[in-house]
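In: heads up, no residue letters with this:
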């Protein structure tokens, strides 16, 4: 079996229209009802301009099965065929929403249960066990990861078949050109999953905040003689706060989607977001000094300079890290 390559790039001397003709002759056109009765294993293709999508007809359900999203780009010597394997965008959005909900709600549940376990303040009469609140979210996250991994494992043969098809259609045996395949390094692929989940989770949190009207939620352990958990919930004063939370959620989800689809615009917006975050942090220090506890006896201006320099250093670090991911995105 040939090696499965998640990203690939082929240089062909054929024109774009010729490549489209070759692709359509070797596949079946995708349609809502026309593919229902095809044999399992048939490769189905859908074109939208110079962009195309490949998938394999399967006899079983697998929401995490691979799709190949490709693009035909005219060059001076012919056509560049590039693309990558991804799951369906709807499945990606639902998975991000599900994981975000589990991490958000489960995180609050686990933190509250941990505080109850440490302080010993929970309802013994109702046989409440804080360990349930700690381990249930963890089990749900593990189950979700295992489900995604299992779906990708089931679809490994589909990736191999679609890769082989592209190699055979545009190999040196058909036309005299060299096909080159590229695959991003594993650390880079893994590192981009983190910001995708980060932005998706923050976007979900912003939507929950907008719908519920809760602007902040904090649970701490009381220092009173009888220790117990204290929960402080703050709400928005007007509808503008909710609208801003919704707009923030849309923007963050767009960032997550853009990273997943490698939008070049999102790469540029990342620098804007990093800069605005650093500026917001510095303004908070200047105009709301009580938001950050500082060392007793330290002059305020020294504390402000120290924290501002730290914010700029952190912003510079992430700007450099983000700049090095330029090759991940597609212009």
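Out: Great, that's in hand. Keep in mind it's a predicted model, so treat the numbers as computed, not measured.
In: helix/strand/coil for the residue positioned nearest the centre of the chain?
Out: In the chain, the centroid-proximal residue (C-alpha atoms, centre = their mean) is residue 196; its distance is 2.4 Å. Recorded secondary structure, residue 196: helix (DSSP: H, G, I helix; E, B strand; the rest coil).
In: buried stuff in the longest helix belonging to the chain?
Out: Looking across the chain with DSSP state H, the single longest helix is helix 89-119. Buried positions in helix 89-119, judged by neighbour count with 16 or more other C-beta atoms under 10 Å: 91-92, 95-97, 99-100, 102-104, 106, 109-117, 119. In short, each C-beta sits where N, CA and C put it, glycine included.
In: follow-up on the earlier one: any idea how far the residue nearest to the centre of the chain is from residue 100?
Out: As for residue 196, its distance to residue 100 is 11 Å (criterion: C-beta to C-beta, to the nearest Å).
In: and for residue 167?
Out: 38 Å.
In: re earlier: which helices and strands does the helix or strand just after the longest helix of the chain pack with?
Out: Using DSSP states H and E, the helix or strand that follows helix 89-119 in sequence is helix 130-154. In this structure, helix 130-154 makes packing contacts with helix 89-119, judged by 3 or more C-beta pairs under 8 Å, 6 or more residues apart in numbering; DSSP states H and E.
In: quick one on the thing from earlier: so how far is the longest helix of the chain off the chain centroid?
Out: 16 Å (C-alpha atoms, centre = their mean, to the nearest Å).
In: so what does it touch, helix or strand wise?
Out: Partner elements for helix 89-119 (3+ C-beta pairs under 8 Å, 6+ apart): helix 130-154, helix 186-212, strand 214-221, strand 229-235, helix 239-261.
In: nearest to residue 62, of the ones you listed?
Out: helix 130-154 (5.2 Å; C-beta to C-beta).
In: by how many degrees do the helix or strand just after the closest one and helix 130-154 diverge?
Out: The helix or strand immediately downstream of helix 130-154 is helix 156-169, counting by DSSP H and E. With axes from the mean of the first three to the mean of the last three C-alpha atoms, to 10 degrees applied, the angle from helix 156-169 to helix 130-154 works out at 30 degrees.
In: now helix 156-169: buried residues?
Out: By neighbour count on 16+ other C-beta under 10 Å, the buried set for helix 156-169 is 158, 159, 160, 161, 162, 163, 165, 166, 167, 169.
In: what's the answer for stretch 54-65, then?
Out: Here stretch 54-65 shows 54, 55, 56, 57, 62, 64, 65 as buried, counting by 16+ other C-beta under 10 Å.
In: is it true that residue 19 touches residue 75?
Out: No: with contact defined as C-beta atoms under 8 Å, residue 19 does not count as touching residue 75 (11.5 Å).
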